[in-house]
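Trainee: okay, predicted coordinates and the sequence, questions at the end:
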Amino acid sequence: MKIENPAFNYDRFGHDYSGYRQTDPRIAKYVEAALEDAQTILNVGAGAGSYEPADKYVVAVEPSQVMRQQRLAQQKVPAINARAEQLPFDNHAFDAVMASVTIHHWAKMEQGLRELKRVSRHKVVILTFDPAALKDFWNAAYFPELITIEETRFPSIESITQTLGGQCEVQEIPIPQNCVDGFQEAFYDRPEAFLDEHIRKAQSAWGFLPEGKEAELVKRLADDLASGEWERKYGHHRDLPRYIGSLRLIISQG
């Protein structure tokens, strides 16, 4: 499947985003550790402000008006209306630059990554998903078309580290039980969540499906939940204290 524009239209569909996509403190501790020695931070594609450190000087960049408004409702610093591919800052303006679950929306991903590197003095920290690991999650059995979309949109971990250069560390981030950040793998233990239209609307991949396909995929899961088939195959996920899926933290130094 070829997607001409990977960007999700948050101004049209993202009005309830911050109600379902929130900072999970157990994931945040990995981001905070990576940014511990930085005093000035630029958050690019900042959205409603998830995973921004509360004890640092943060400047945010966000092109969506709806998301900028949600930042204010969340009592985050106002965001500058700009895009990753053309950041309005001098070289090495910030100790660190962060980007949380956003690079798959960038039309010119490599250019955006180079901009992150340009304005960073010491490090770039990116929270993203590894497309090579997406099929390991049980939802691939119910939403294969959705996985194909995500595989198309998410850049490989290798391509990110090669573009950033420097000394790169890639961490597998465990997803905790009852995760409050509503990306797909966050509900590894709560499959019924996918039956909620509002939760799906906060997961951008659904917006790229052909008309009518979403209902078909949801029914597939709903039928197996009703019959007990999901429980028979994947019910052990309900008791997992954490799940190692495709969530990755990339830290580029230097």
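Mentor: That came in fine, so what should we check first?

Trainee: against Pro210, how distant is the residue sitting nearest the centre point of the chain?
Mentor: With distances taken as CA atoms, centre = their mean, Val101 lies nearest the centre of the chain, 2.4 Å away. Val101 sits 24 Å away from Pro210, going by CB to CB, to the nearest Å. No exception for glycine: its C-beta is placed from N, CA and C like everyone else's.

Trainee: Phe143 now?
Mentor: 13 Å.

Trainee: neighbour count: the two, which is higher?
Mentor: Phe143 (25 against 9; other CB atoms under 10 Å).

Trainee: please list all residues in contact with that one.
Mentor: Phe143 sits next to 217, 220-221 when contact means CB atoms under 8 Å, 6 or more residues apart in numbering.

Trainee: next: Val124.
Mentor: Val124 sits in contact with 96-99, 113, 116-117, 164, 250-252, where contact means CB under 8 Å, 6+ apart.

Trainee: C-terminal to the helix or strand that contains it, what's the next element?
Mentor: Assessed by DSSP states H and E, Val124 sits inside strand 120-129. Using DSSP H and E, the helix or strand that follows strand 120-129 in sequence is helix 144-153.

Trainee: who are the packing partners of that following helix?
Mentor: Here helix 144-153 touches helix 213-227, going by 3 or more CB pairs under 8 Å, 6 or more residues apart in numbering; DSSP states H and E.

Trainee: hmm, Arg188 is touching Pro241, no?
Mentor: To be clear, residue 188 is Tyr; Arg isn't right here. No - judged on CB atoms under 8 Å, Tyr188 makes no contact with Pro241 at a distance of 11.1 Å.

Trainee: would you agree Ser100 is in contact with Gly49?
Mentor: No - taking contacts as CB under 8 Å, Ser100 lies outside contact range of Gly49: 9.3 Å.

Trainee: between the two, which contacts overlap?
Mentor: Taking CB under 8 Å, 6+ apart as the contact rule, Ser100 and Gly49 both touch Asn43.

Trainee: so where's this structure shaky on pLDDT?
Mentor: 1-20 (pLDDT under 70).

Trainee: distance of the residue sitting furthest away from the middle of it from His236?
Mentor: Largest separation from the mean C-alpha position in the chain: Ser227, at 32.1 Å (CA atoms, centre = their mean). Distance of Ser227 to His236, computed by CB to CB: 18 Å.

Trainee: same question for Gly165.
Mentor: 41 Å.

Trainee: Gln167 too?
Mentor: Distance from Gln167 to His236, by CB to CB: 38 Å.

Trainee: then Ala132?
Mentor: For Ala132 relative to His236 (CB to CB), the value is 24 Å.

Trainee: which one's more surrounded, these two?
Mentor: Between Ala132 and His236, Ala132 has the larger neighbour count (other CB under 10 Å), namely 13 against 9.

Trainee: and the spatially closest residue to that one that is not a sequence neighbour, how many neighbours?
Mentor: Spatial nearest neighbour of Ala132, excluding adjacent residues (CB to CB, 6 or more residues apart in numbering): Ser156 at 6.8 Å. Number of residues near Ser156 (other CB under 10 Å) recorded here: 12.

Trainee: who's in contact with Ser156?
Mentor: Here Ser156 is in contact with 130-132 (CB under 8 Å, 6+ apart).

Trainee: again with Leu221
Mentor: Counting by CB under 8 Å, 6+ apart, Leu221 has contacts 139, 142-143, 191, 194-195, 230.
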